[in-house]
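Colleague: give me the fold of what follows.
(chains A and B)
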Amino acid sequence: MLPPVYSPKEIENDVFRLWRDNRIYEKLKERKGKKFYFVDGPPYTTGRIHLGTAWNKVIKDTILRSLRMRGFSPTDTPGWDMHGLPIEVKVEQELGFKSKRDIESFGVEKFVQKCMDYALRNKDMMTEQFKALAVWMDWEKPYMTIKAEYMNSAWFAIKKAHEKGLLERKKMVVNWCPRCETALAEAEVEYADREDPSIYVKFRLKNGGFVLVWTTTPWTIPANIAVAVNPNLKYAKVRAFRNGSPEVLILAESLLDVLAKGYETWEVLETFLGKELEGIEYEHPLAEEIPYQANIRHRIVLADFVSAENTGCVHVATAHGVEDFELGLKYDLEVFNPVDDRGIFTEQAGKYAGLNVREANEVIIEDLLKKDLLIAEEKIFHRYGHCWRCKTPIIFRATEQWFIRITELKEKMLEEIEKVQWIPEWAGSARFRDWISNAKDWCISRQRYWGIPLPIWICEKCGKMKVVGSITEVEWKDDLDLHRPRIDAVKFNCDCGGVMGRVKDVFDVWFDSGVASWGSIGYPLKSEKFDLWPADFITEGHDQTRGWFYSQLGASLICFDKAPYKAVLMHGFTLDEQGRKMSKSLGNVVEPEEVISQIGIDCFRLYVLSSAVWEDLKFSWEEARNVLRNINILWNTIRFAHTYMSIDRFKAGKEVDLSLEDRWILSRLERFNKEAVSAMERYQLHRVVKAFFEFIIEDFSRWYIPLIRSRVWEEAESKRKLSAYETMFRVLDKSLRIIAPFAPVLAEWLYQNFVKSFRDTKESIFMEEYPKADEDLINEELEDKMKIAKAIVEAGNSARSKARIKLRWPLREMIVETKIKGLEVILDVILKQSNVKEVKFVENFQKELIIKPDFKKIGPILKGKAKEFAEFVSKLKEVPEEMEFEGVKLGKDCLIVEERIPEGYEFAEFSGGRVYINTQLDENLLREAYAREVVRRIQQMRKEMNLNVEEFIVSYVEIDPKLLEGWIEYVKNETRSRELKFANAEGYVKEWEIEDLKIRIGIRRWI
RNA sequence: GGGUCCGUGGCUCAGCCUGGUUAGAGCGUUCGCCUGAUAAGCGAAAGGUCCGGGGUUCAAACCCCCGCGGACCCA
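Modeller: I've put the predicted structure just below:
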């Protein structure tokens, strides 16, 4: 016997033990199958997996398992992304550090070691969490971005970039985190709302008047070099009055309303296009506070990016804005950067030296006010970039950085993504395409410690550069760690006689994972697996559009001029029930462990795999638990099959005569199989899960099993029984194999405890082949017929319900009124499921039409003759389309037609017609009904007594024996009563009510 | 401002790729039923302008266009 209730925990223990003790995964790994190169997108070693990571790995595992069953030997190396700022920040927090200085004084070597320990510890914890999801990957041999061999793959790429002229060092304005003191990539900037000042400042023009600018970053004013206007926008020179005194100002004509912020009235003196303003010089507003500004000639310049917003005049600080910087290149403006790595003003900033830029905001506003240059000061709530790890607001800063010239690769990238299969299609053709089209050069250098060191050496004497493409060039041996600071000690001799030292930077961590498609197989240090490249398949969340999908494509184009993957499945995000992101601050985080412990691994997997992968998944406990109910139904069907097959020592695989319902369920099975295979090939995992439950619940549990129940209860070697067993077995055996990749633990357990009992099996269900559909068994006509049978039975039940007659009470006849032919084949099915003695199919069931005139309609037309018309109508036997009465033509809408069905019948509609039931019960039917009522109650009592299904009893029924006349044997048979006595109840006694009749029933074990 | 996705009963979703019965599930509500696979299950009822508008078509939840609302990404 199977346990009566599905309890995931025990099953999981059993199966994990089986897999471990018999080394199932390892054995599968030894099999030589067709090659399939899958690359795992490495999760970052943060320490805990969240629902999204769990979902991600479950998708991967499902696909890997299905590939193995389909005869492939997929690569299943898990990856770990272990470098970078997030870990540095965590370690800094643990050590209580505030800035890079703390790290330097602590010692870089010790710090890096701490980072490594942290990453390794987290990797181990997360490995256990993934294993607990029944994810089969090669956990013993993962790829790690911190291994020298892997770092070598990145060096290889950078050397390639250098050879192709795609690596360059240039001064650029970058996103800069003043806390982490490093440049950040676009992908490392997180946008969040924040409040900033919004100020309107006037810059005094040398030839009189002012130009009005607007900014949200007062701290950039000390670095102001120019003011930009749009050459094609109309500007106005106005005379504005404040407290009665006039001032002349220039701003965009369409934006004059902003003057209301600081002036009472104004008048336009003249208008002109922006281009006429080019070259006009002005005085820096803080020239007195910042002596350095005296060296600079400030002037108005032209820029297309200036839009008609705020004042239409943009303050340009070449060191603090990307567009500003580029504009500076065009006009050959000076790049004046008075802000240091920590976001603190340098000596060059004069009065502001030593102030943090955010603190400086206030001081600067104050100074502008004193000089009467501030028109208005407001607050603005806007999206602003923050460091992805420490949440500090970023600043823009011009620095020297190393770049990959992605802009030169753009065209090729767009070309390459067209060759990739995207699931869904728009992930590539729209979303990714859009991202690439907007791509900028990739800043790959970080001024940090925990990362792959940039393999660039520069001669201290002549400035010559050497890019190292392999760790073998730095005399690497197995045990040598290549992280900072050790690598910093490596020097090369320059041809000029000088010494080359390494650039101190490390790689942007996104570059690490970008080389995964060859780094994970050790290329180029090892090349034996490189023939696998490029990847056949990868899958990650939609956030990886700008992350891993992109970094891999860029790195791969540098090295190999083609895309590193052939197919990409993009999945969604996990959100909370209301569709919000899960976050600690909202307190709505659901831990995968918690879910697993509550509903089990398989239930969790089936739940997350049942919604469309590319859509966001709103996690709902209720929905997840619903899946448990479905699993329970599957469990119950298997328990049913198992119970009887075991009693009869059934062995599968014998020739049997299949009956109608057997052939039907097998047809449904093959159809499901066909659907599953086609969905699987298109990575439409949710369709497989949906189809599975629909088949098991709708077809197998609700329809097939009730149909064969009586066959299963037949004694001895009944052929009908054996064919039912064989059919059930085929259905379950195949269904389990189809769903095994999705619900591996459950499928394995049922394979071991159900399938194995009735046929020779392999060691594990995962050594079986994924089933192929046998399309010859699909019988469309039979399926259609059965659909009709279902509809008829349902209509019959509905008619019963109207007549208030329980299904347990047999009925004499059912008349099916329909034009559909050839329903005789389903006669038995209907008889059985409707509990009727006879079923007739007719085209027209006799019924009486009652035709009355619609007085409301005919009254106005026929007036006084209406009564005569009523007489005429009463003689009609059928409804005419049209009639003529006393020379007036009348349509059938003048008639009200009612149907009267014969006395003693009730009906209900179905898609092909109507079903009538005869509601008259005669003596014999009544006795049968009573017999069934008694049986039902005795069965209930047997169950309450916990009797074995096969055990015999003696029954006592306090009822007039006449009521059961002719049905006594039936009752004894059904209830396994050796004796049925109409006497005072003994043993386990209960009182019952059948309709209005009160009876006492007693049963006891037969000894 | 640009791009993408989503919008289907009270709620959560499937169906859309590949147009074709009466648009399906689950949850919830009400009323019934069934049961030796039932710690279960099943049915019925109520509940739908398939976001709105236009187009293509014999036929549109589905394909196309224009809006509206929400989410995400970018500027």
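Colleague: nearest spatial neighbour of the most centrally placed residue in chain A, skipping sequence neighbours?
Modeller: Centroid check for chain A by CA atoms, centre = their mean gives residue A:572 as the closest residue, at 3.6 Å. Leaving aside its sequence neighbours, residue A:572 sits nearest to residue A:616 (CB to CB, 6 or more residues apart in numbering; 4.0 Å). From N, CA and C alone the C-beta is placed, and that goes for glycine too.
Colleague: for the one you found, grab phi and psi.
Modeller: phi -70, psi 150 (degrees, to the nearest 10).
Colleague: so what's it up against?
Modeller: For residue A:616, the contact set (CB atoms under 8 Å, 6 or more residues apart in numbering) comprises A:572, A:573, A:574, A:575, A:579.
Colleague: again, 6 Å this time
Modeller: Residues near residue A:616 by CB atoms under 6 Å, 6 or more residues apart in numbering: A:572, A:573, A:575.
Colleague: from residue A:541, how far out is it?
Modeller: Using CB to CB, to the nearest Å, we find residue A:616 at a distance of 9 Å from residue A:541.
Colleague: next secondary structure after whatever helix or strand residue A:786 lives in?
Modeller: Using DSSP states H and E, residue A:786 sits within helix A:780-803. Counting by DSSP H and E, the element after helix A:780-803 in chain order, helix or strand, is strand A:811-818.
Colleague: whichever helix or strand comes after that following strand - contacts with which helices or strands?
Modeller: Next along the chain after strand A:811-818, taking DSSP H and E as the criterion, comes helix A:827-834. Using 3 or more CB pairs under 6 Å, 6 or more residues apart in numbering; DSSP states H and E as the contact test, the elements touching helix A:827-834 are helix A:780-803, strand A:836-842.
Colleague: which of the ones you listed is buried the deepest?
Modeller: Mean neighbour counts were taken over the helices and strands packed on helix A:827-834 using mean count of other CB atoms under 10 Å, and the top value, a mean of 18, falls to helix A:780-803.
Colleague: only C-alpha atoms, please: export it in CSV.
Modeller: C-alpha atoms of helix A:780-803 as CSV (Å, rounded to 0.1, in the frame of the first residue of the first chain):
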residue,chain,number,x,y,z
GLU,A,780,-9.9,11.7,-33.0
GLU,A,781,-13.3,10.3,-33.6
LEU,A,782,-13.3,8.3,-30.4
GLU,A,783,-12.3,11.4,-28.5
ASP,A,784,-15.1,13.4,-30.1
LYS,A,785,-17.6,10.7,-29.2
MET,A,786,-16.4,10.6,-25.6
LYS,A,787,-16.8,14.3,-25.4
ILE,A,788,-20.4,13.9,-26.4
ALA,A,789,-20.9,11.1,-23.8
LYS,A,790,-19.5,13.4,-21.1
ALA,A,791,-21.8,16.2,-22.2
ILE,A,792,-24.8,13.8,-22.2
VAL,A,793,-24.0,12.5,-18.7
GLU,A,794,-23.6,16.0,-17.4
ALA,A,795,-26.9,17.0,-18.9
GLY,A,796,-28.5,14.0,-17.3
ASN,A,797,-27.1,14.9,-13.9
SER,A,798,-28.3,18.4,-14.4
ALA,A,799,-31.8,17.1,-15.1
ARG,A,800,-31.6,14.9,-12.0
SER,A,801,-30.7,17.9,-10.0
LYS,A,802,-33.7,19.8,-11.3
ALA,A,803,-35.9,16.8,-10.4
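Colleague: kindly calculate the angle that it makes with helix A:827-834.
Modeller: Computed by axes from the mean of the first three to the mean of the last three CA atoms, to 10 degrees, the angle separating helix A:780-803 from helix A:827-834 equals 30 degrees.
Colleague: low-confidence regions, the stretch 901-1007 of chain A specifically.
Modeller: A:901, A:996 (pLDDT under 70).
Colleague: that one: helices as residue ranges?
Modeller: Counting by DSSP state H, counting those that start in this stretch, the stretch 901-1007 of chain A has these helices, from start to end: A:923-944, A:968-975.
Colleague: equivalent analysis for the stretch 101-250 of chain A, please.
Modeller: Along the stretch 101-250 of chain A, counting by DSSP H, counting those that start in this stretch, helices occupy A:108-131, A:148-163.
Colleague: mind listing what's buried in the first one?
Modeller: This points to helix A:108-131. Neighbour counts over helix A:108-131 (16 or more other CB atoms under 10 Å) mark A:108, A:111-112, A:114-116, A:118-119, A:122-123, A:126-127, A:129-130 as buried.
Colleague: same deal with the last one?
Modeller: Residues A:148-162 are the ones in helix A:148-163 that count as buried (16+ other CB under 10 Å).
Colleague: which of the residues you listed lies closest to RNA strand B?
Modeller: residue A:161 (22.0 Å; CB to the nearest atom of the strand).
Colleague: am I right that that closest one is in contact with residue A:559?
Modeller: No. Contact status for residue A:161 versus residue A:559: not in contact, 8.3 Å apart, counting by CB atoms under 6 Å.
Colleague: can you list the residues of the stretch 601-750 of chain A near RNA strand B?
Modeller: Contact residues (CB under 7 Å from any atom of the strand) of the stretch 601-750 of chain A with RNA strand B: A:611-612, A:615-618, A:620, A:622-623, A:626, A:629, A:632-633, A:636-637, A:639-640, A:643-644, A:682, A:686-687, A:690, A:697, A:701-702, A:705-706, A:709, A:712.
Colleague: can you rerun that using 6 Å?
Modeller: For the stretch 601-750 of chain A, the contact set with RNA strand B under CB under 6 Å from any atom of the strand comprises A:611-612, A:615, A:618, A:620, A:622-623, A:626, A:629, A:632-633, A:636-637, A:639-640, A:643, A:690, A:697, A:701-702, A:705-706.
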